[in-house]
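K.L.:
Return a 3D structure for these sequence lines:
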Amino acid sequence: MSGTPSLDRISLNQITTEHWSLEEAVEGCLRHDVPWISVWRHKIHEIGLSKSRKLIQDAGLNVSSICRGGMFPAPTPEERRERIEDNKRAIEEAAELGTDVLVLVCGPAPDKDIDSARKWVEEGIEELIPFAREHGIKLGIEPLHPMYAADRSVISTLGQANTISERLQSDYVGVVVDVFHVWWDPDLYREIERARGSILGFHVSDWVVPLPDIFKARGMMGDGVIELRRMRQAVEAAGYHGPIEVEIINDAIWNQPGDETLKQMKERYVEHV
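P.N.:
Presented below is the predicted three-dimensional model:
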């Protein structure tokens, strides 16, 4: 558990090279010997599911996850039903591309009633379980930093995600640990241990000071304050030995050549993760 994780585990989360198409991202992974890719749905939809599948399969890449499902809360039952149907499409896309993890960004409250929004999140995940099981897809609840509670997710701590996972008691529901979102939590390491056996993904970036933006805020590993190696060792001690996704949302990184980004992310992964 000490030292550096194998480069066989590194995954390009596609948002890190947002200006690349899926085809360009696949070609970049091949050039830089990155064996895994996490695909975003808007990139799939640009070229279609069948072409996306063929690109990835022909390249021999492994898909670590599909991002994203979720966004369950909505003001009316009809809209919440539409969200469920969209999540079912995401599950089908994940199965088609050969991954077994759909990452859930759970969604904000449509009004000021955050308690109801959290209830709708849990109800939505519970409703999806039979469909997910049928397709062999696990639903990874990703807590987001509290600064995103108003516009992206009312699930803000790993503890909340663990509680939902435990209540639903399904092999097809677990949690995703993203260092950017949870590093600050005083209960983090207890909650990582609590998630033993149900961690479905581990995402790395860094928290730089000052943040360059709210949404496009993440830095390259080693440029910020997160104890990356300690956190990686903790998720491994809790049983997670799967791919490690580099997920960086940052204009400066998006605007540099993608090949430079992949070269740098591999170097920083070895040095800091």
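K.L.:
Work out for me the element the residue sitting nearest the centre point of the chain sits within.
P.N.:
When C-alpha atoms, centre = their mean is applied to the chain, the residue found nearest the centroid is residue 103 (5.1 Å). Following DSSP states H and E, one finds residue 103 within strand 101-105.
K.L.:
Nearest residue to the residue nearest to the centre of the chain in space, ignoring adjacent ones along the chain?
P.N.:
Among residues not flanking residue 103 along the chain, residue 67 sits closest, at 4.5 Å (C-beta to C-beta, 6 or more residues apart in numbering). Bear in mind the C-beta positions are built from the backbone N, C-alpha and C, glycine included.
K.L.:
partner residues bridging the one you found?
P.N.:
Per DSSP bridges, the residues bridged to residue 67 are residue 40, residue 103.
K.L.:
what pLDDT does residue 39 get?
P.N.:
What the model reports as pLDDT for residue 39 is 98.
K.L.:
Contact partners for it?
P.N.:
By C-beta atoms under 8 Å, 6 or more residues apart in numbering, the contact list for residue 39 reads 14, 22, 52, 56, 63, 65-67, 97, 99.
K.L.:
cutoff 7 Å now
P.N.:
Contact analysis of residue 39 by C-beta atoms under 7 Å, 6 or more residues apart in numbering lists 14, 22, 52, 63, 66, 97.
K.L.:
What of residue 221?
P.N.:
By C-beta under 7 Å, 6+ apart, residue 221 lies in contact with 204-206, 228, 268-269, 272-273.
K.L.:
what about 8 Å?
P.N.:
Applying C-beta under 8 Å, 6+ apart, we find residue 221 in contact with 204-206, 228, 246, 265, 268-269, 271-273.
K.L.:
Buried ones among these?
P.N.:
Neighbour-count burial within the contacts of residue 221 applies to 204-206, 228, 246, 265, 268-269, 272-273; the criterion is 16 or more other C-beta atoms under 10 Å.
K.L.:
Among the residues you listed, which pair sits farthest apart?
P.N.:
Pairwise distances across the buried ones among the contacts of residue 221 (C-beta to C-beta) peak at 12.5 Å, for the pair 228 and 265.
K.L.:
Narrow the contacts of residue 39 to those in helices?
P.N.:
Using DSSP state H, 22, 52, 97 are the members of the contacts of residue 39 that sit in helices.
K.L.:
Weed out the non-buried ones from those residues.
P.N.:
Here, 16+ other C-beta under 10 Å leaves 22, 52, 97 buried among the ones in helices among the contacts of residue 39.
K.L.:
where are the low-confidence patches of the protein?
P.N.:
Along the chain, segments meeting pLDDT under 70 span 1-2.
K.L.:
Which residue ranges of it form strands?
P.N.:
10-13, 36-40, 62-70, 101-105, 138-141, 173-178, 199-204, 206-207, 218-219, 244-246 (DSSP state E).
K.L.:
ok, the first one: who's next to it in the sheet?
P.N.:
Paired neighbours of strand 10-13 in the sheet (DSSP bridges): strand 36-40 (parallel), strand 244-246 (parallel).
K.L.:
Quick check: which of those is buried the most?
P.N.:
Ranked by mean neighbour count, the strands paired with strand 10-13 are led by strand 244-246 with a mean of 27 (mean count of other C-beta atoms under 10 Å).
K.L.:
Let me see the contact set for residue 56.
P.N.:
By C-beta under 8 Å, 6+ apart, residue 56 lies in contact with 26, 37, 39, 63, 97-98.
K.L.:
Please tell me how far residue 167 sits from residue 265.
P.N.:
Relative to residue 265, residue 167 is positioned 36 Å away (C-beta to C-beta, to the nearest Å).
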